[in-house]
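[1] the following block contains a protein sequence and its predicted model.
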Amino acid sequence: MENKINGLHHITVLASDPQQNYDFYTKVMGMRFVKKTVNFDAPDVYHLYYADEVGTPGTVLTFFPFPNARRGKRGVGEAAIVSFSIPKNSLEFWIERLSKYDVQFEGPSEKFGYQYISFLDPDGMQIELVEDEVENLIGWETSEVKREVSIKKFFGTTLYLDDSDATEELLKTVFGFQLLEEEGNIKRYLTGEGKHEAKIDIVVNPNGVRGMQSAGSVHHIAWRTESDEAQLEWINKIRKSGYHTTDVIDRNYFHSIYFREPGGVLFEIATDEPGFAIDEEIQNLGNELKLPSQHEPKREMIERVLIPLKQTIEVK
Ligand code: ZN
């Protein structure tokens, strides 16, 4: 069978203050904090993960917070918008909620027949909440954001590119994406099936400015692959297509390869396994600082450098 990318795995973003980031995503957005760890390549920086109840691939938004980072500038060569699927008829709830928390938003608007609202997170990352068919998805539930309105998964993401020809060629012929529709200056691609479906929008030269990555900028987009075997096939396929990719890197919760797509966006391909329950029970996800074995000997030093997070543990 042909190896196709089956949707998104996670999206990783740069942030500033970790507490502000934690409060916004757990409280206002009502996502579950599923892992508190460090950037494995720079362990003096947190790596914070927010997702559904169990950290299902395709629901996982992660951050590298640098406490004093300045805001980035959105522009070409990056993923500029992160879109989440919410249940039908829940936009009204979110509009009221964002107003309550003084988050300015635009919309409701419509794109490709989907109703959505758009706003910025505390560091300026652009978020869309899109009403979508999500009946059987679990999401998460907090005292204020109940299941019938909660975020279920990524709806998709929007890439801002200078010239999209080579990127589209990669998405179509190597990744197996399907061009769904075009509307105005947006081309919408589809990857994945059923609950793994994600829509990737491509906008060429939206403001002519090159993105400047800092707080609020998407650092990379990780695509799903089911197994380690399939991932090895991806390495071959990507290298044969003329791109340089890393070898497999063990990220503890998944195994990853990285390469830069021709439009400048950093891509990762990550395995579904082993998942976030590898080092703590599902009911305790996110409660303690978890370090991979290579950094465990430096725990004391790491804990001294990181700003402790004030966590409110939401029990279902
Ligand atoms: Zn990643």
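    Everything's here; your move.
[2] could you pull up phi and psi at residue 282?
    Note on residue 282: backbone dihedrals following degrees, to the nearest 10 are phi -50, psi -40.
[3] give me the distance between it and the ion.
    Separation of residue 282 from the ion (Cβ to the ion, to the nearest Å) stands at 21 Å. All C-beta spots, glycine's among them, are computed from the backbone N, C-alpha and C.
[4] tell me who's in contact with the residue lying closest to that residue once chain neighbours are set aside.
    Among residues not flanking residue 282 along the chain, residue 54 sits closest, at 5.8 Å (Cβ to Cβ, 6 or more residues apart in numbering). With contacts defined as Cβ atoms under 8 Å, 6 or more residues apart in numbering, residue 54 is in contact with 34, 138, 275-277, 282, 285.
[5] give the helix, strand or coil label for the nearest residue to residue 246 once chain neighbours are set aside.
    Spatial nearest neighbour of residue 246, excluding adjacent residues (Cβ to Cβ, 6+ apart): residue 258 at 4.8 Å. Assigned by DSSP: H, G, I helix; E, B strand; the rest coil, the conformation of residue 258 is strand.
[6] who does residue 258 bridge with?
    Assessed by DSSP bridges, residue 258 has beta-bridge partners residue 268.
[7] quick check: it touching residue 267?
    Yes: Residue 258 is within contact range of residue 267, at 7.0 Å (criterion: Cβ atoms under 8 Å).
[8] between these two, which has more neighbouring residues?
    residue 267 (21 against 16; other Cβ atoms under 10 Å).
[9] could you find the closest non-adjacent residue to that one?
    residue 261 (5.2 Å).
[10] so which of the contacts of residue 54 are in strands?
    residue 34 (DSSP state E).
[11] OK, contacts around residue 133?
    residue 88.
[12] please renumber the chain so that the first residue is 703 from this point on.
    Yep, numbering from 703; the last one is residue 835 now.
[13] quick one: pLDDT of it?
    Predicted confidence (pLDDT) for residue 835: 95.
[14] circling back: now do the contacts for the residue nearest to residue 969.
    Residues near residue 963 by Cβ under 8 Å, 6+ apart: 868-869, 872, 945, 969.
[15] same question, residue 977
    Counting by Cβ under 8 Å, 6+ apart, residue 977 makes contact with 756-757, 955-956.
[16] relative to the ion, which of those is nearest.
    residue 956 (8.1 Å; Cβ to the ion).
[17] which secondary structure element contains the residue in the stretch 703-852 of the chain that the ion sits nearest to?
    Nearest residue of the stretch 703-852 of the chain to the ion (Cβ to the ion) works out as residue 714 at 4.5 Å. Assigned by DSSP states H and E, residue 714 falls within strand 710-717.
[18] starting at the chain centroid, how far to the following helix or strand past that strand?
    Scanning forward in sequence from strand 710-717 by DSSP H and E, the next helix or strand is helix 720-724. Distance of helix 720-724 from its chain centroid, counting by Cα atoms, centre = their mean, to the nearest Å, is 16 Å.
[19] next: stretch 886-894.
    Remark: stretch 886-894 is offset 17 Å from the chain centroid, using Cα atoms, centre = their mean.
[20] what mean pLDDT does it get?
    The average pLDDT within stretch 886-894 is 97.
[21] what lies in contact with it?
    Applying Cβ under 8 Å, 6+ apart, the external contacts of stretch 886-894 come out as 706-710, 760, 813-814, 860, 866, 870, 873-874, 877-884, 899-906, 908, 925-926.
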